[in-house]
Structure formats: C-alpha cells, structure tokens
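Undergrad: build me a model from this:
(2 chains)
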There are 2 protein chains.
Amino acid sequence: MSRPHPATSFRERLTKVAAEVEATLDRLLSVQPGPGEITRPERLVQSMRYATLGGGKRLRPFLVVEAARLFGAEGANVLRAAAAIEMVHCYSLVHDDLPGMDDDDLRRGRPTVHKAFDEATAILAGDGLLTYAFDVIAAEATHRDAGVRAKLAVGPARAAGFGGMAGGQALDLAAEQATAPLAAAEVERLQAMKTGALLCYAVEAGAIVGGADPAARATLVRYGRALGAAFQIADDILDAEGDEATLGKRAGKDAGRNKATLVDALGLEDAKRVRDRLAGEAEAALATASFPASTATLIEAARFVAARTS
Amino acid sequence: MSRPHPATSFRERLTKVAAEVEATLDRLLSVQPGPGEITRPERLVQSMRYATLGGGKRLRPFLVVEAARLFGAEGANVLRAAAAIEMVHCYSLVHDDLPGMDDDDLRRGRPTVHKAFDEATAILAGDGLLTYAFDVIAAEATHRDAGVRAKLAVGPARAAGFGGMAGGQALDLAAEQATAPLAAAEVERLQAMKTGALLCYAVEAGAIVGGADPAARATLVRYGRALGAAFQIADDILDAEGDEATLGKRAGKDAGRNKATLVDALGLEDAKRVRDRLAGEAEAALATASFPASTATLIEAARFVAARTS
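TA: Just a heads-up that it's a prediction; the model follows:
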C-alpha cells in the first residue's frame, strides 16, 4: 500500500477535523439548556451559532486535535477542548467587527453578527461564546483528570486576556491613532498578542489534553509561537496583495485604516522572508524532540500557514 | 465581653471584606504581566481598574467569603475566588452600559467606562475582565486541589453565560422591544438569569472553596437563589421609589425604558411582600442544615439585601 503524499494527507485531515469540530460546535450550541443553566434564549443562541458555525478553516481546533494526536489522544473530549478554543476565536471576531471597534460589515463573505442581528445581540453573542468556552473546556466531559481541566481553563484565559489577545487588540487600536508607524519589533509584539497567543495556545492545549511531559509541551509551544507569528505575517501579506473575492473581506483595508502590519514595517519582500523563516522555525522546533506519533501533519500545517492564499 | 449586635457585626464584616477585596483586585489588576502573558497595555489596564476599583458594596465577593467562612476557609486564596466573581460582575456592568446596550453615561455616580475612556476600550475592558476572572479563579494560587479549581472555573461560566447572566440580559433587551409587558413568572425567570445566577453562584463558590459536602452546598444554593431573587426585586423597588442621589444613577429609568420589572408585573405593594418573603426563605434555608460555623452573617446579608436603600 502506498502512503499518501504528506500534503494530500494534511488536506484530508484538515477537512475531516473541520467537519468534526463543526458537528461538536453544533451539538454544544444547542438551544437546550445545559446543567446549571436556566434557559438559552433562542435569538441569542442563533446569533452565537451564526458567529460560529459554517465557516473558517478551523485552524485553531485543528492544531489542538493534531497536537493531542501526537500523544495518542483523540475523540469527543479532545474535540470539546478544540471547540472551546474555536469559540474564543469566534467571540474575538464578533467583538472586533463591532461598530465601536473595526466597524466591519462583512466576515467570511457574510454580514457580520451586528449586521445580521443587531449590535446588542452581537455584544452578548461574543460575551456568551467567550464565557461558554470556559464551561466547555473545564467540564468533566473534557478530561477525567481535574488537574488537566484546571490547566485547560487557565490557558485560554491567559492567551485571550489583557496580557494576550484582548491586549493585542487594544495595542492595535492605539496604533491606528498613533502619529508615527510602529517599529517592526512593536508590530511583532502586538501580533504575538493579538493572533499568536491563541494559535500557540491551541497547540499547547493539545499537548495538555494529550498528557505531554514538560519538555514535549515546551517544544510544542516553540512550534506554536513560530507558527502563530508566520500566520499573522501571511495575513498581512495577503491583505496587501489579496483581492476581495479570495478573502471574503475588504482587501487592502489595513493600509486604508493605518493598521500596524509587518508589511508596512519591513516591506513586502522582507515580510515574505520573515514569514518563510518562521514557518521553517516551526518545523525545526518539532525536530528537537521525539514524539510518540509522527509530526508530519503539524509540519504540513506550518507550511500551509505560510503558503495560504485565503 | 458582650457580643456585638448581629447587624453591627454584619456591617463591620461587609466593610472589612470590601477593603480586602479592593486590595486583592488592586494587586491582581496590576500593569505587570502575569505568567504566560506578554504585556498588559497601560490604557487597557487603567480602564479595567476604573471599572473595578473604588466602588460598590462588593456583595458578591462578600457572599463568597462568608460562605467559605462557614467551613473555616479564609485568606488570600478565598479572596482570589471572590475577586474573580467581582470581575465577572464588573465586566457585565461595563458591557451593559455600552451605547449598543443600555447606553448609560453614569455608573456609581461616575462616568461609565466608555465615557471616561472610549467605546472600543470599554468593550475590551469588559472582555478583559471576564477573561481574567477565569485565569484568577482556576489558577493554582486559588486552591491546592485541582478538582476545586476546575469546578470553580465551570461555575461562573454557567452562571454568567448564555444560560445565565448574558442570556438574562438578552431577554431583558427583548422585553424592551415587546409590545406586551412580561408576566410575573417571565420577569422572575429573566431576573433569575440576569442577576440571580451570579449572586447565587457567589454563595456556591464559597461552599466549593470551603469544601462543603453536597448537602451543605445544596442548602447554600437554595439560600443564594432566594437571596438573588430578593436582591433584584429590591432593586426594582428602589428604582421605582428611589431618587437619583441615593442610587448614583438615573432613577425611574426602568419605567422610562420599558424594562421588565416585578414592580410593573405585581404592583409595588405585592413586590415588597415577595421581596420580604424571599429574604425569609433565604434565612429559613440556612436553618435546614448545620454548619461548622455560625450563619448569623449570612442571615444578616439576606435582611440587608431586602432592606437596602441603595
């Protein structure tokens, strides 16, 4: 039997995991109240489903699932952790799009939540998704070991909080108001917080769920940090080069809005070099430790992030 | 030595715990990044401090502390859990006040966060407080037992999520748009979600931190549920009767805005009767179990909630 080419196998895995994550989110975001809840208001649930279902590459949950697979962990409990991280990501998109923030009308080619519903519902949908993520990730169904569950709760809080994603968003808004463009190092820090921290945590969450030892976990964090940085530079490059049809959102909008990007700070060619170097660093990090299972899919993930066209 | 009158002792406890919670929040909301964080942007930290410090009776953290004291638990770790619950409460106030929600300019007699800072910062301050609450409550410093920490993370997620506080807020906004006023039972459910769930969880969190057995915990949940309901009716009554100077916010604003209140649904006199009955139920619930320490302070808390004038 011939082995499939790694890139083919990667695409198949990405598609398969996205479908599993979609089904998990669909089940979790039910209108039926969960334990300890009173009722889930219909319209709010619909807005949270709208914000979450039917979209995206599901890169963050994919990283959770593939990192956990390195240690032989898979199945419904891993998918719960993966779905929780995706909810944190989706909440951030809903709030970023709000009129008081980036004021975007379009996301993944569809009206944003505050356009499809209303502003108050969008605020609450984001709040609801963020809050529910902690319920899902720390509940007993996610892992039999309470120590793992407590760790899983703390991780996204740090990655998404004022010292991570929310803080990065605050720095990004401040950069828009600034008179001088940010230096490359400042943009890197901003992006490490705004995008990198949660992507990196997705990898780490997989390691935690899989029961990785500290050394393997640290290796995966190094991989995740490089991958997260590569992802955001690739995003900046796409925005500078891309067209609206491919992105499903207004292209060139970063430049129009004085967003801090590494393309501005470094120029397009240097930005591409940094992107490729970071993807290489992610791959190289994996080679510094041995894992129970093959790292081929995670290696392909780093290549995919750097080469993506949407 | 003569024992102080319970009500005096209660006031002293309330003041003492409020000061301890203030100091804990002040320390936690530092500009120094915590473990796993990159940096805490100055302006965002300031907005989160503004939203949290120097205000309020600290009733929720007081309930955490006093419920934990029933089981002999006190000190820095209990105060961390208490501070986390207060952060969840403060986040909800910041988001409720937003232009896209209740659009309030004044809170506790001061400009609301989006007035004192700006709308984007207020959205992120709320997001940051909610997220950080889970970091604080699930971190190792809060309890040595990981099972307790995992439970502590799940609890506020359920109390504050789409099946609790955020869902109650969604129902409240829907009621404003409705053509017919809500029936008393609908208002009760809405309030149980919007206000009651987190108040009740504060009591339960104290029981969890204190290591209560399931029976004692269930008793305290019954107490917390009645107290939470009494609190919200007292709030409605205050709004109908109160004046702006006492409340620090615009009085009568609920009626002006078609807010669902039990005063509307029941009339003022019946609402007062229900409030007093619920405060009595809270007190009676405590008498159904025996606890290692005196329940006098929690009994006074229920009376205080019903009798409060601000």
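Undergrad: on contacts alone, who are the packing partners of the helix or strand residue A:176 falls within?
TA: Per DSSP states H and E, residue A:176 falls inside helix A:165-177. Judged by 3 or more C-beta pairs under 8 Å, 6 or more residues apart in numbering or on different chains; DSSP states H and E, helix A:165-177 is in contact with helix A:76-96, helix A:184-191, helix A:197-209, helix B:42-52, helix B:119-138. Where you see a C-beta, it was placed from the backbone N, CA and C, and this is true even at glycine.
Undergrad: show me which residues of that helix are buried.
TA: A:165, A:166, A:167, A:168, A:169, A:170, A:171, A:172, A:173, A:174, A:175 (16 or more other C-beta atoms under 10 Å in any protein chain shown).
Undergrad: do the same with stretch A:126-144
TA: A:126-139, A:142-143.
Undergrad: what does the stretch 151-300 of chain A have sitting close to chain B?
TA: Contact residues (C-beta under 8 Å from any C-beta of the partner chain) of the stretch 151-300 of chain A with chain B: A:153-164, A:166-171, A:173-174, A:189, A:192-193, A:197.
Undergrad: residue ranges for the helices of the stretch 201-310 of chain A, please.
TA: A:214-241, A:244-247, A:253-256, A:262-266, A:268-286, A:296-307 (DSSP state H, counting those that start in this stretch).
Undergrad: quick one: residues contacting the closest residue to residue A:240 other than its chain neighbours.
TA: Nearest in space to residue A:240, with sequence neighbours left out and distances taken as C-beta to C-beta, 6 or more residues apart in numbering or on different chains, is residue A:263 at 4.6 Å. For residue A:263, the contact set (C-beta atoms under 8 Å, 6 or more residues apart in numbering or on different chains) comprises A:233, A:236, A:237, A:239, A:240, A:271.
Undergrad: and for residue A:128?
TA: So residue A:128 contacts A:44, A:48, B:161, B:162, B:166, B:167 (C-beta under 8 Å, 6+ apart).
Undergrad: quick check, the second one in contact with residue A:131.
TA: No: judged on C-beta atoms under 8 Å, residue A:48 makes no contact with residue A:131 at a distance of 10.4 Å.
Undergrad: where do the contact lists of these two overlap?
TA: Common neighbours of residue A:48 and residue A:131 (C-beta under 8 Å, 6+ apart) are residue B:162.
Undergrad: any stretches of the stretch 1-150 of chain A with poor pLDDT?
TA: A:1-7 (pLDDT under 70).
Undergrad: now it against chain B: closest residue?
TA: Per C-beta to the nearest C-beta, residue A:37 is where the stretch 1-150 of chain A lies closest to chain B, at 2.5 Å.
Undergrad: how about that residue: what's its closest non-neighbour residue?
TA: Per C-beta to C-beta, 6+ apart, closest to residue A:37 is residue B:163, 2.5 Å.
Undergrad: okay, now whichever residue of the stretch 51-200 of chain A sits closest to chain B: neighbour count?
TA: When scored by C-beta to the nearest C-beta, the stretch 51-200 of chain A has residue A:163 as its residue closest to chain B, at 2.5 Å. For residue A:163, the tally of surrounding residues (other C-beta atoms under 10 Å in any protein chain shown) stands at 29.
Undergrad: just confirm it is within a helix.
TA: No: using DSSP: H, G, I helix; E, B strand; the rest coil, the secondary structure at residue A:163 is coil, not a helix.
Undergrad: that one contacts residue B:33, doesn't it?
TA: Yes: contact status for residue A:163 versus residue B:33: in contact at 4.8 Å, counting by C-beta under 8 Å.
Undergrad: shared neighbours of those two, anything?
TA: B:39, B:40.
Undergrad: residue A:293 - how many residues pack around it?
TA: Residue A:293 - counted by other C-beta under 10 Å - has 12 other residues nearby.
Undergrad: and it, what does it touch?
TA: A:69, A:70, A:71, A:72.
Undergrad: that older thread, return the distance of the residue nearest to residue A:240 relative to chain B.
TA: 22 Å (C-beta to the nearest C-beta, to the nearest Å).
Undergrad: re the thing from before, so who does the residue nearest to residue A:37 touch?
TA: A:33, A:34, A:36, A:37, A:38, A:39, A:40, B:193.
Undergrad: so can I have a markdown table of these showing distance to residue A:180, secondary structure and neighbour count?
TA: What follows is those, written out as a markdown table (distance: C-beta to C-beta, whole Å; DSSP: H, G, I helix; E, B strand; the rest coil; neighbours: other C-beta atoms under 10 Å in any protein chain shown):
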| residue | distance to residue A:180 | secondary structure | neighbour count |
| --- | --- | --- | --- |
| A:33 | 51 | coil | 16 |
| A:34 | 49 | coil | 17 |
| A:36 | 50 | coil | 19 |
| A:37 | 49 | coil | 19 |
| A:38 | 51 | coil | 19 |
| A:39 | 51 | coil | 19 |
| A:40 | 47 | coil | 24 |
| B:193 | 47 | helix | 29 |
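Undergrad: report the two of these separated the most.
TA: The distance between the two most remote of the contacts of residue B:163 (C-beta to C-beta) is 13.4 Å, for A:34 and B:193.
Undergrad: hey, C-alpha coordinates of stretch A:146-163 in CSV?
TA: Only the C-alpha atoms of stretch A:146-163 are listed here, as CSV (Å, rounded to 0.1, in the frame of the first residue of the first chain):
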residue,chain,number,x,y,z
ALA,A,146,-9.2,17.6,37.1
GLY,A,147,-5.7,18.9,37.0
VAL,A,148,-5.8,18.8,33.2
ARG,A,149,-9.2,20.6,33.3
ALA,A,150,-8.0,23.4,35.6
LYS,A,151,-4.9,23.9,33.4
LEU,A,152,-7.1,24.0,30.3
ALA,A,153,-9.2,26.7,31.8
VAL,A,154,-6.3,28.9,32.8
GLY,A,155,-4.5,28.6,29.4
PRO,A,156,-7.1,30.3,27.1
ALA,A,157,-7.7,33.0,29.8
ARG,A,158,-4.1,34.0,29.6
ALA,A,159,-3.8,33.7,25.9
ALA,A,160,-7.0,35.7,25.2
GLY,A,161,-6.9,38.2,28.1
PHE,A,162,-5.5,41.6,28.6
GLY,A,163,-2.0,40.2,28.5
